[in-house]
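A.B. asks: I would like the atomic coordinates for the input below:
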Amino acid sequence: MFIVRQVALKADGSEIVRQTEVEGGEIYIGRNASNGVHLPDLAVNPVHARMERRGGDLLVTAQSQQPFDVDGRSVESATIDIARGAELRFGGHIIAVGVEGDAITLTIRRVEAVSDSAEDKDESAIYSLKGLLPGKRMSAWGFALLILIACLAWPIYTWSSYKDLAYKEKVSRPDGFHADGLWSSGKLSLAHKTLKDDCQSCHVDAFVSVRDNACMTCHEKDAGPHAPMTRQLTARGDPTGFAAFTRFVAASFNKPAGRCVECHTEHEGAGAMQPTQQRFCAECHDGMDTRLTNTKLDNAADFGTAHPQFQPAVLLRPLVGDDAKAPRKRISLDRKPRENNGLKFPHDMHLNKTGGVAQMGRRLAGKYGFGDALECSDCHEADKNNVGFVAVDMEKSCAMCHSLAFDKIGNTFRTLRHGQPEQVKADLRAFYRSTAPTRPINLGSLARQRPGVVNSRRTAADYARAVNFRGGRADQAIRQVFSRGGACYDCHVVVPPSSSGGMDYRIAPVAQTSRYLNKGWFTHDAHDKEECTSCHLAEKSSQASDLLLPGIKDCRTCHVGETGESLIKVKKPVESTCAMCHDYHADKGAPWLLREQDKKKKRPEITAALAHPAAVSARLRQSRMMPN
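C.D. replies: Take a look at the predicted model:
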């Protein structure tokens, strides 16, 4: 067995020894890597010599008539006493022969250049590009300088060249490559893709994080403040642990908390910007009362498990005169609030399938398309977006049953002016002043009558008395209209005269609230497959003051939170994040999430037939009139 030890020198002069063992009684020496002793030296043949052990001797024989040195003598063959050892030289390498136990040791050292064409004793420099390139240190400094120039100096120069564009409107950079684009960490979202070549639009100052005023340059109208920033930071609370450290580092590098970009992150891909995740809302609203102690908002974290009862904005008092802005207060539905809206309307009577209202509806079915009983859509008409409903109009929805006619001339009916009490009084007075009482049939010479002058005189006197008091009948008619059983009294709250015997009757203003839940969003369009009565208990409501809004328990029969959890069992859960009903930048429109879903056609589109306010009722009535 042969033990081959390759000895190399480090830069500091210390040695590195690599040892291999070769079994057998012979070993080859040469430049080929397959040899037992591999000498990467151009002065050495691929297979230069062969060593063979014969007892206590070692026979070394050249294989290509090229000699080698043994103890300074150039030979082609030599017999070496293993016990005494010897020193062989092949090219620039010395092989010291020794013995360890039963094994022959061959210790190889490089003593000069590996070839006549190179002076470097490192063989890797001969067979690689190492000898042609600068050293590692020089290369490291060179590449570092190149990176600084290409990725720092050049982008700074480019940014500085277009710096003034940040303060100009409707001015952008020319098309083409701009070096500061190398700093971009990713593509912009679809909403900001037009700014891909205008870094100054957002990054106004070099090495300064994006400021809110840069965002408000474009979003001033659609990104109003959610709440004063001081209150928002208080609601979030102070971070702890590692979060506190990161907050400190961010503040040190001029990145204050509460900026727009904390929620609206950019350079994360060319797709649509994603809606804010629920955890960003819960970060403040979950347990907020413990941090923001003077808040009037209840805690909220997840619609399915941790959300307060709905709190509609209810009128605190009836409207007075032309007061269209009566104070409202948000009251929880758990307290069963009531609202005096100035109307008297029993939903249960009008939706009853067997009462007088249903019978009248059946008699008018041919003209108005009613069914066996009135339905919600017979009176309530969807708005143009099918989100809510337009205010009920007496002439459209009520007059077909509740007629205000008081006179007929030929085939024309004279009606009282709805919504104009003073005009009603004037019309009634004019009617009684301009018309005479019905003339008795027995008044006249041609009429049949009982014999005797007394009867004729009595009839004439009665008629003359009726004519004399005809004008006074107007006040009686006015009192009847505004009193119990009258046309106005049965549906409206009548304000009695200010003095006994007075005629200054007034009608309390009517308040038809179009939206009670102003802090959230709800659209009927997304619920058009549901029956109205599955959410609104109108069939059990006997007074107009009943607030027919569904509570959170009704909504939770379908809607669960972002995590899919719910306090009740749900057959077909609808994942409902905060962003489905709420907007951080709240306005009167739909939340941003729903608007984006409409763009992607993930929700039913509003058809052209539903664009007209009366289209829903007309469509339903038409379907009922069609033969089966």
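
A.B. asks: contacts only, for the closest residue in space to Thr158 that isn't next to it in sequence.
C.D. replies: Setting aside the residues directly before and after it, Thr158 is nearest to Ala179 in space (CB to CB, 6 or more residues apart in numbering), at 4.1 Å. The way it works is simple: take the backbone N, C-alpha and C, and place the C-beta from them, glycine included. By CB atoms under 8 Å, 6 or more residues apart in numbering, the contact set of Ala179 is 150, 154-155, 157-158.

A.B. asks: one more: Lys336?
C.D. replies: By CB under 8 Å, 6+ apart, the residues touching Lys336 are Leu547.

A.B. asks: next one: Ile16
C.D. replies: Under the criterion of CB under 8 Å, 6+ apart, the contact partners of Ile16 comprise 7-10.

A.B. asks: the same query, at a cut-off of 6 Å, please.
C.D. replies: Residues near Ile16 by CB atoms under 6 Å, 6 or more residues apart in numbering: Ala8.

A.B. asks: any idea which element it lies in?
C.D. replies: Ile16 is located in strand 15-22, with elements delineated by DSSP states H and E.

A.B. asks: try Asn45
C.D. replies: Secondary-structure element containing Asn45, defined by DSSP H and E: none, the residue being outside all helices and strands.

A.B. asks: chain neighbours aside, what residue packs nearest to it?
C.D. replies: For Asn45, the spatially nearest residue (CB to CB, 6+ apart) is Ser64, at 4.8 Å.

A.B. asks: gap between the residue lying closest to Ser542 once chain neighbours are set aside and Ser541?
C.D. replies: Here the nearest residue to Ser542 in space, its sequence neighbours aside, is Pro346; by CB to CB, 6+ apart that works out to 4.8 Å. Relative to Ser541, Pro346 is positioned 7 Å away (criterion: CB to CB, to the nearest Å).

A.B. asks: got it, and Asp302?
C.D. replies: Asp302 sits 32 Å away from Ser541, taking CB to CB as the criterion.

A.B. asks: low pLDDT regions in the stretch 201-350 of the chain?
C.D. replies: With pLDDT under 70 as the threshold, the stretch 201-350 of the chain has low-confidence stretches at 321-325.

A.B. asks: can you show me the strands along it?
C.D. replies: With DSSP state E, counting those that start in this stretch as the definition, the stretch 201-350 of the chain shows strands at residue ranges 313-315, 328-330.

A.B. asks: and the first one, what's buried?
C.D. replies: Think strand 313-315. Neighbour-count burial for strand 313-315, counted by 16 or more other CB atoms under 10 Å, picks out 313-315.

A.B. asks: tell me the contacts of the most centrally placed residue in the chain?
C.D. replies: Most central residue of the chain, judged by C-alpha distance to the mean C-alpha position with CA atoms, centre = their mean, is Pro275 at 2.4 Å. Pro275 makes contact with 579, 593 under the criterion CB under 6 Å, 6+ apart.

A.B. asks: sorry, back to before: what would the buried residues of strand 313-315 look like in a markdown table with distance to Ile478?
C.D. replies: Formatted as a markdown table, the entries for these read as follows, by distance: CB to CB, whole Å:
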| residue | distance to Ile478 |
| --- | --- |
| Ala313 | 37 |
| Val314 | 34 |
| Leu315 | 29 |
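
A.B. asks: how far off centre is stretch 513-529?
C.D. replies: Here stretch 513-529 shows a centroid-to-chain-centroid distance of 18 Å under the convention CA atoms, centre = their mean, to the nearest Å.

A.B. asks: okay, now that stretch: how far is its last residue from its first?
C.D. replies: Counting by CA to CA, to the nearest Å, the length from the leading to the trailing residue of stretch 513-529 is 24 Å.

A.B. asks: can you list the residues that contact that stretch?
C.D. replies: By CB under 6 Å, 6+ apart, the list of residues contacting stretch 513-529 from outside reads 312-313, 386-388, 581-582, 590-591.

A.B. asks: and the furthest pair within those?
C.D. replies: Taking every pair in the contacts of stretch 513-529 and measuring CB to CB, the maximum separation is 22.7 Å, between Ala313 and Asn386.

A.B. asks: about what we covered before: can I get the strands of the stretch 201-350 of the chain in TSV including distance to Arg211?
C.D. replies: Output for the strands of the stretch 201-350 of the chain, formatted as TSV (distance: least, CB to CB, whole Å):
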stretch	distance to Arg211
strand 313-315	36
strand 328-330	35
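
A.B. asks: compare those and report which one is nearest to His48.
C.D. replies: When the strands of the stretch 201-350 of the chain are compared by CB to CB, strand 328-330 sits nearest His48, at 99.2 Å.

A.B. asks: given the closest one, what are its sheet partners and their directions?
C.D. replies: Taking DSSP bridges as the criterion, strand 328-330 forms sheet pairs with strand 313-315 (antiparallel).

A.B. asks: what's in contact with the strand it pairs with?
C.D. replies: When contacts are taken as CB under 6 Å, 6+ apart, the neighbours of strand 313-315 outside the stretch itself are 326, 328, 330-331, 337, 339, 511, 516, 518.

A.B. asks: the residue nearest to Ser542 and Asn299: what is the separation?
C.D. replies: Using CB to CB, we find Pro346 at a distance of 38 Å from Asn299.

A.B. asks: swap in Met503?
C.D. replies: Plainly put, Met503 is 56 Å away from Asn299 if you go by CB to CB.

A.B. asks: more crowded one of the two?
C.D. replies: When Met503 and Asn299 are compared on other CB atoms under 10 Å, the one with more neighbours turns out to be Asn299, at 16 against 13.

A.B. asks: ok, now which ones touch the more buried one?
C.D. replies: Asn299 neighbours (CB under 6 Å, 6+ apart): 287-289.

A.B. asks: Val481 is in contact with Ala487, isn't it?
C.D. replies: Yes - Val481 sits in contact with Ala487 when judged by CB atoms under 6 Å, with a separation of 5.4 Å.

A.B. asks: before we move on, back to that, filter the contacts of Ala179 down to the buried ones, ChimeraX style.
C.D. replies: Buried residues within those, as defined by 16+ other CB under 10 Å, are selected in ChimeraX through the command that follows:
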select :155,158
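
A.B. asks: nearest to Gly92 among the contacts of Ala179?
C.D. replies: The shortest approach to Gly92 among these belongs to Ala150, at 43.3 Å (CB to CB).

A.B. asks: and the strands in the stretch 1-150 of the chain?
C.D. replies: With DSSP E, counting those that start in this stretch as the criterion, the stretch 1-150 of the chain has strands spanning 2-9, 15-22, 26-30, 37-38, 49-54, 57-62, 68-70, 73-75, 77-81, 86-90, 93-100, 103-110.

A.B. asks: and the residue nearest to Thr158, what's its pLDDT?
C.D. replies: pLDDT recorded at Ala179 is 85.
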